[in-house]
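>>> all I have is the shape, not the residue letters:
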């Protein structure tokens, strides 16, 4: 028989994602922004922090400003 190639939403990882992007309460080093992104994406927080550090070095400090803005704007 012919099988459908359309994915059912129940079979994807979208169900496991939190509804909103929030700061992490459990996995935080400064304000929980990277931990919140890691929980939202379903990634390891260390990987998100490494990516943030690479962006920090390549953006000449602009990422620090973005981090503090996110720390203020993101809900707990």
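Done, it's in. Since the model is a prediction, treat every value here as computed from it, not as a measurement.
>>> CA atoms for contacts and neighbours, from now on please.
OK.
>>> residue ranges with poor pLDDT in this protein?
Confidence mapping of the chain against pLDDT under 70 gives the ranges 1-18.
>>> and the helices in the chain?
Counting by DSSP state H, the segments of the chain that form helices are 33-41, 45-58, 62-73.
>>> out of those helices, deepest packed?
Highest mean neighbour count among those (mean count of other CA atoms under 10 Å): helix 33-41, with a mean of 23.
>>> if we look at it, which residues are touching it?
Surrounding helix 33-41, the residues in contact under the criterion CA atoms under 8 Å, 6 or more residues apart in numbering are 17-18, 20-24, 27-28, 44-45, 48-49, 52, 67, 70-71, 74.
>>> likewise stretch 69-76?
Counting contacts by CA under 8 Å, 6+ apart, the residues outside stretch 69-76 that touch it are 21-25, 31-33.
>>> same thing but 6 Å
The set of residues external to stretch 69-76 that reach it, using CA atoms under 6 Å, 6 or more residues apart in numbering, is 22-23.
>>> how far does it sit from its chain's centre?
Computed by CA atoms, centre = their mean, to the nearest Å, the chain-centroid distance of stretch 69-76 equals 13 Å.
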